[in-house]
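*Asks:* Fold the stuff below for me.
(2 chains)
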Number of protein chains: 2
Amino acid sequence: MLVLLCVPCHFMRGTAEGSLVTFSPNQLSRLVMVEPTNVNDALAHVQQLLELHDVDRAAEYLRTLHPADSAEVLTWLEADEQALLVERLNPPELAEVFAQMSEEDMAEVAQHLDVEELADVLDEMEPDAAADLINELEPQEAAEVLEQMDEAGPVTRLLAFDPDTAGGIMNLPPPSLRRQMTVAEAFAFVKKHYRDENEIFYLYVLDRFGRLIGVVNLRALILADASQTVEEIMNRDVITARVDMDQEEVAQILARYDLLAVPVVDGENKLVGIIAVDDVVDVIEEEATEDLYRLAQVSEHAEIFSPIPRAIRSRLPWLLINMGTAAMASSVVSLFESTIAQAALLATFMPIVAGQGGNAGTQTMTIIVRSLALGEIDRQDALPALGHELMIGLLHGLTLGILVGTMAWLWKGNPVLGVVVGLAMLGNLLVAAVAGVSVPMILKILHVDPALASSVFVTAATDSLGFFLFLGLATYFLGWLI
Amino acid sequence: MLVLLCVPCHFMRGTAEGSLVTFSPNQLSRLVMVEPTNVNDALAHVQQLLELHDVDRAAEYLRTLHPADSAEVLTWLEADEQALLVERLNPPELAEVFAQMSEEDMAEVAQHLDVEELADVLDEMEPDAAADLINELEPQEAAEVLEQMDEAGPVTRLLAFDPDTAGGIMNLPPPSLRRQMTVAEAFAFVKKHYRDENEIFYLYVLDRFGRLIGVVNLRALILADASQTVEEIMNRDVITARVDMDQEEVAQILARYDLLAVPVVDGENKLVGIIAVDDVVDVIEEEATEDLYRLAQVSEHAEIFSPIPRAIRSRLPWLLINMGTAAMASSVVSLFESTIAQAALLATFMPIVAGQGGNAGTQTMTIIVRSLALGEIDRQDALPALGHELMIGLLHGLTLGILVGTMAWLWKGNPVLGVVVGLAMLGNLLVAAVAGVSVPMILKILHVDPALASSVFVTAATDSLGFFLFLGLATYFLGWLI
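*Replies:* Numbers count the residues shown, from 1 in each chain, chains lettered A, B, ... in the order given. You can find the predicted model right below:
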C-alpha cells in the first residue's frame, strides 16, 4: 500500500500553485484553460475505475493525459492492473507511452504483451527507444521479437552498439541535405521528408559519400533567400561525437557547447546518427543519481518506495561488504586490547580520530569522483591531485590535531594524551588524502566506475590505519598515559 | 603551478581518439578538416605567447577558438595574464566568452574591466547572462554599471527575480505571433524580428492581452500551407513554468516532457520569459554537484584544483562542525570508561556497531535527499517513508545483528557478548532509519536544503546512540562479559 502514497509529487505541488498548465489532447480543439494534471490524483482515479471493473473508462482516461503522465501512472500501478490497461491500448498508444519510460519500466510493462503484440509496438517506436527495450529482454525473447517486427533493420543496426556509448543512445540520422540544393529546394525537401519526424533540431549536409560537411539550422533556412544555396548558408563549424564515445562525454559536449543535438559520426566522418538534448538530459540525471547512490553505497537502481525485497537487494550487499572492512578495523583495535585495558580513556578518543579521517577522506574522494565524472580531470591528473590533497590534509591535520590534542589534554588533564591524539589525527588526515585520491583514481585506471567502491576502500583505510596510528602511538607512550 | 597541470582534460581525451571535431571560425570559408581543439594545449600555447610578451598574437589565437574553449582558457589563466588579454578583446568578443562562463568566473574576469568597459560588454550580452553577472557584483558597483549601460531596462527587469527561480534563469520572451496571422505572414514576421535571435526554439502565440494561448514549432510552420492561419497550426497543449517556480522544478519539467524550451508566465498567464534547455542542463549539473558535495560535507563551490586557502574554506568548517558531533560521541564513550576498563574487548566492537549504523543512515538519507531533489517525494511522504525505512532497518538489523553477534561470540568465546553486540546493532540500524528519514525531511520542512547538513546530524545520531546502546547494554550485562 505504501506504493500508492508515494507517487512523485512535484507536479502536484506545481499544480497547487497553478504553475503547471497541461492541456490534454482532447481539448486541443477548444480554447479553454483546463486544470493541470496531478499524477497522484490521476493514479487514484485510474485505480478507482479499475476497482469498479470499468477498464474501458480507465483506458479512455489514460488517453487524455500527456504521455509522460500516463507513463508515470502506468508505472506505479500493480502488475495485474497494468495488464488490464495494456490490453486496451493499441500499439501506437503504447509506443507513445513507452517513449516516456525508463528501460526498466518499459521492460516491466512489456511483460504483459506477447511476442507479436510487442513487435507491433516496437514497430511504432523510435528505433533508439525500441533498441533500449530490446536490450532489456532475454536474448531468446529479443530474437523472437526482432523476427516478428516489420522494420527490424534500424533497430538491429542500433543494437550493435554498446548501450553506454554515443551509438547506444543515438537515433538514426534524419534525412540530410546536399550542399548544392537551393533554399527553396531545401524547403521542399523538408516538407517531403520530415512529415513523420517528431522534431527537427538541425538539418545536416552530407557530401556524396555520406560524410558530414555542414549544418543548417531552421532559423537560418527561414531567414535565407529562396535562391541561395545550402552551401552558402550552412555552418561548417560542426561539433560531432564519435559513435564509440562514452555517453557521459556526449552529455558534457552538448552541455558545454549548448547544442540541441549532436551528430554522431563514424571513423570516416560519415553521419551515422543523432543525439538530441532531451535524451542527454536523462543521461545527466541518471549519471548524477548513479554517482550519488554509489558513493552512499546504494545500488544505482534504488528507488525510494521500491518493494522491501528489492530495497534490501540494493543495500544489504554493501552493508555486508562494510562488515568485512569494519571487522578489519575491529581486529586492529583488538590487537591493542591490553593497552586499552590499562588506559580505558583511549576508547573515548577512538571515534574522533577515525571519524575525522573518514570525513576528510569522503570530502577528497567525492571531489575526485565528481571531477572525473564531469571530465574536469583525468587519470594523468592523479599526481598533481595527490600533491594538492596532501597539502590540504597536512594543513587540516595540523589544525584539527592541535585542536583535538589541546581538548584531550584539558579534558583528561594529560598532555601526553594530547600529543598522541593530535599526532594520530594529523597522520590519519594524511591517510585520508592519499586514500581519497588514490582509490577513485586506481578504479578509473582499472576501468571501474570510481563512484562504485570508493567509499568502502577509503573508509577501510581511514578506520584501520586511524586506529592503528592512535593505539600504536598510545602503546608506545603507555607509561605516560596510565 | 598545480593549476597549470589540471585543465579539464576530457576534450583532450576526445581529441586523442579523434572523436571531437571543432572547426574554428577562421576556417569557415574553407572545406578543410582541422585538428580539434585541445584546451590543455590551447592554454599552454596562450601562456607561451604571453611569456614572450606577444599579447596580440595570444588574443588573436583566442579569437580562433570556440567561445566555450576560449572561456575555459581565460578562466584557467593567472589574474595578471587574464588582465592583459581582456584588455585586447572588444566588448562583443568578451560578451561571447562571458556567455560560456559560470557566474563566479565571469565576476573574476570582469574585475579587469572598469565600469564603463563592463557596461559596454553587458550591453552586448543576453539579458539573462548580464543579470547573472550583475548579481555577482557589489551593490555599489552594480548600480554604477547599470547606470552606464545603454539598454539596462531588460536586465533591470530580470534582476527583480530570485536567481534560483524560473524568473532568475529565464530570458526575455522572443517576439511572438498572433493567432490570426497566416503562415506566410508568420514567415515574414520571423524574417523581420528574428535576425538578432541566436536560436528559435518555438514560436509562441499570444492574445491581445499578452496571454499565452499556443505554440508553433518551426517544423509545423515549414510543413504548413502558406494560407493556413497560425491558429490552425498552433498547439494549445502548452506546458508552462510560473515565474516564481523553483529552478530545480523547471529543470524537472523540461526533462520530464522532453522540451527544448519552456515559456514562463505570470499569475495571469502572460508570457514574461523563456527558459531554454541549454540553461537547464547547467542547472541540472549544478544541482547534482551541489547535492553530492553537500552530502559529502564539502561546500558546493569546491573545485578540484582550487587554490589551497579556498579549498580549506570549503571543507575545514565542516570538519570543525564534525569535531563537535565527534566530541559528543566521545563523551558518550567516556561515560562508560570504567566498563571498558573492566572489559577492554568492548572497544573492539565499537567501530562495527557505530560504523554500520552510519553506513545504513547514509544510505537512507541519500535516497531521501535525491528523491526530494528529483521531486519524486515531498514533505507529505515523510511518514510512509519512515515506515518503509524502519521495516528495511529492522530486516537489515536482524541480519547484521545475528551475523555480528555470532561473529563476536565465536571470536571472543562469549555468547553474552554476542547478544550485546547483536542487539546494539539492531537498535542502531533502527536509529539509522529514523535519522536517515527525519533529518532531511525536517530540513526540507524548515526550507533548508536537505543535502546541506543531513550528514552531520545523521552521523551524530548513529555514532552517539550507537555507542550508548552498545556500551549501555554491555554495562548492564557486565557480570557476564568479564
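*Asks:* tell me, how many neighbours does whichever residue of the stretch 101-250 of chain A sits closest to chain B end up with?
*Replies:* Nearest residue of the stretch 101-250 of chain A to chain B: A:Arg242, at 3.3 Å (Cβ to the nearest Cβ). In short, each C-beta sits where N, CA and C put it, glycine included. A:Arg242 has 22 neighbouring residues, counting by other Cβ atoms under 10 Å in any protein chain shown.
*Asks:* my read: it touches A:Lys270, true?
*Replies:* No: between A:Arg242 and A:Lys270 no contact is recorded; they are 11.2 Å apart, counting by Cβ atoms under 8 Å.
*Asks:* Looks like A:Val404 contacts B:Gly324 (just checking).
*Replies:* No: in this structure, A:Val404 is not within contact of B:Gly324 by Cβ under 8 Å, at 11.4 Å.
*Asks:* who has more neighbours, the two?
*Replies:* A:Val404 (24 against 10).
*Asks:* name the element the more buried one belongs to?
*Replies:* helix A:382-412 (DSSP states H and E).
*Asks:* my guess is A:Ala296 meets B:Thr362, correct?
*Replies:* Yes: counting by Cβ under 8 Å, A:Ala296 touches B:Thr362, with 5.1 Å between them.
*Asks:* Would you mind measuring from the residue of the stretch 351-482 of chain A found nearest chain B to B:Tyr202?
*Replies:* Minimum separation of the stretch 351-482 of chain A from chain B (Cβ to the nearest Cβ) falls at A:Gly375, amounting to 2.9 Å. Relative to B:Tyr202, A:Gly375 is positioned 31 Å away (Cβ to Cβ, to the nearest Å).
*Asks:* now swap in A:Val121 and tell me
*Replies:* Remark: distance between A:Val121 and B:Tyr202 (Cβ to Cβ) = 29 Å.
*Asks:* So between the two, which is more surrounded?
*Replies:* Between A:Val121 and B:Tyr202, counting by other Cβ under 10 Å, A:Val121 is the more crowded of the two (27 against 21).
*Asks:* which residues of the stretch 201-350 of chain A fall in helices?
*Replies:* For the stretch 201-350 of chain A, applying DSSP state H, counting those that start in this stretch gives helices covering A:218-223, A:230-233, A:247-256, A:277-295, A:308-335, A:337-342, A:345-373.
*Asks:* would you turn the ones you listed into TSV with mean pLDDT and distance to chain B?
*Replies:* Below are those laid out as TSV (pLDDT from 0 to 100; distance: least, Cβ to the nearest Cβ, whole Å):
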stretch	mean pLDDT	distance to chain B
helix A:218-223	85	4
helix A:230-233	93	9
helix A:247-256	84	5
helix A:277-295	83	3
helix A:308-335	89	4
helix A:337-342	91	4
helix A:345-373	91	4
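*Asks:* residues of the helix holding A:Val404 that come out buried?
*Replies:* Neighbour-count burial for helix A:382-412 flags A:382, A:384-386, A:388-390, A:392-393, A:395-397, A:399-401, A:404-405, A:407-409, A:411-412 (criterion: 16 or more other Cβ atoms under 10 Å in any protein chain shown).
*Asks:* got it, and stretch A:85-101?
*Replies:* Of the residues in stretch A:85-101, A:85-86, A:89, A:91, A:93-101 count as buried by neighbour count, 16+ other Cβ under 10 Å.
*Asks:* Among those, name the ones that also lie close to chain B.
*Replies:* A:Gln100 (Cβ under 8 Å from any Cβ of the partner chain).
*Asks:* Quickly name whichever of the buried residues of stretch A:85-101 is closest to A:Trp318.
*Replies:* Proximity of those to A:Trp318 (Cβ to Cβ) peaks at A:Met101, which lies at 27.2 Å.
*Asks:* In contact with the closest one, which residues are there?
*Replies:* Each residue near A:Met101 by Cβ atoms under 8 Å, 6 or more residues apart in numbering or on different chains is listed here: A:Ala71, A:Leu74, A:Thr75, A:Val109.
*Asks:* hmm, 10 Å instead?
*Replies:* Counting by Cβ atoms under 10 Å, 6 or more residues apart in numbering or on different chains, A:Met101 touches A:67-68, A:71-72, A:74-75, A:107-110, A:129, A:132-133.
*Asks:* What mean pLDDT does the helix or strand that contains A:Asp105 get?
*Replies:* A:Asp105 is part of helix A:103-110 when elements are defined by DSSP H and E. Per-residue pLDDT values across helix A:103-110 average out to 86.
*Asks:* Please apply the same query to stretch A:142-153.
*Replies:* In this model, stretch A:142-153 carries a mean pLDDT of 90.
*Asks:* First-to-last residue distance for that stretch?
*Replies:* 14 Å (Cα to Cα, to the nearest Å).
*Asks:* what's in contact with it?
*Replies:* A:110, A:113-124, A:127, A:130, A:133-138, A:155-156, A:159, A:172.
*Asks:* What's the ChimeraX syntax to select whichever of the residues you listed are buried?
*Replies:* To isolate the buried ones among the contacts of stretch A:142-153 in ChimeraX, judged by 16+ other Cβ under 10 Å, type:
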select /A:110,113,115,117,118,119,120,121,122,123,124,127,130,133,134,136,137,155,159,172
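*Asks:* Please list the members of the contacts of stretch A:142-153 that lie in helices.
*Replies:* A:110, A:115-124, A:127, A:130, A:133-136, A:155-156, A:159 (DSSP state H).
*Asks:* and A:His212, how many residues sit next to it?
*Replies:* Careful, residue A:212 is Leu; it's not His. Per other Cβ under 10 Å, the neighbour tally for A:Leu212 reads 22.
*Asks:* List the beta-bridge partners for it.
*Replies:* Bridge pairing for A:Leu212 (DSSP bridges) gives the partners A:Leu206.
*Asks:* My understanding was that it contacts A:Thr240; is that so?
*Replies:* Yes: using Cβ atoms under 10 Å, A:Leu212 is in contact with A:Thr240, at 6.6 Å.
*Asks:* Pull up the overlap in contacts between these two.
*Replies:* Applying Cβ under 10 Å, 6+ apart, one finds that A:Leu212 and A:Thr240 are jointly contacted by A:Tyr204, A:Pro263, A:Val264, A:Val265, A:Asn269, A:Leu271, B:Val21.
*Asks:* Please convert the buried members of the residues you listed into PyMOL selection syntax.
*Replies:* Selection of buried members from the shared contacts of A:Leu212 and A:Thr240 for PyMOL, criterion 16+ other Cβ under 10 Å:
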select buried, (chain A and resi 204+263+264+265+269+271) or (chain B and resi 21)
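*Asks:* which SS class is A:Glu199?
*Replies:* Assigned with DSSP: H, G, I helix; E, B strand; the rest coil, A:Glu199 falls in the coil class.
*Asks:* which neighbours do A:Arg242 and A:Lys270 share?
*Replies:* What both A:Arg242 and A:Lys270 touch, as defined by Cβ under 10 Å, 6+ apart, is the set A:Val264.
*Asks:* picking up where we left off before, tell me, what's touching A:Ala296 and B:Thr362 both at once?
*Replies:* With Cβ under 10 Å, 6+ apart, A:Ala296 and B:Thr362 have common neighbours A:Ser455, B:Leu295, B:Ser455.
*Asks:* What strand or helix carries the last one?
*Replies:* It refers to B:Ser455. Under the criterion of DSSP H and E, B:Ser455 resides in helix B:450-476.
*Asks:* got the angle for that helix vs helix A:345-373?
*Replies:* Counting by axes from the mean of the first three to the mean of the last three Cα atoms, to 10 degrees, helix B:450-476 lies at 150 degrees to helix A:345-373.
*Asks:* That's all I had, so thanks and see you.
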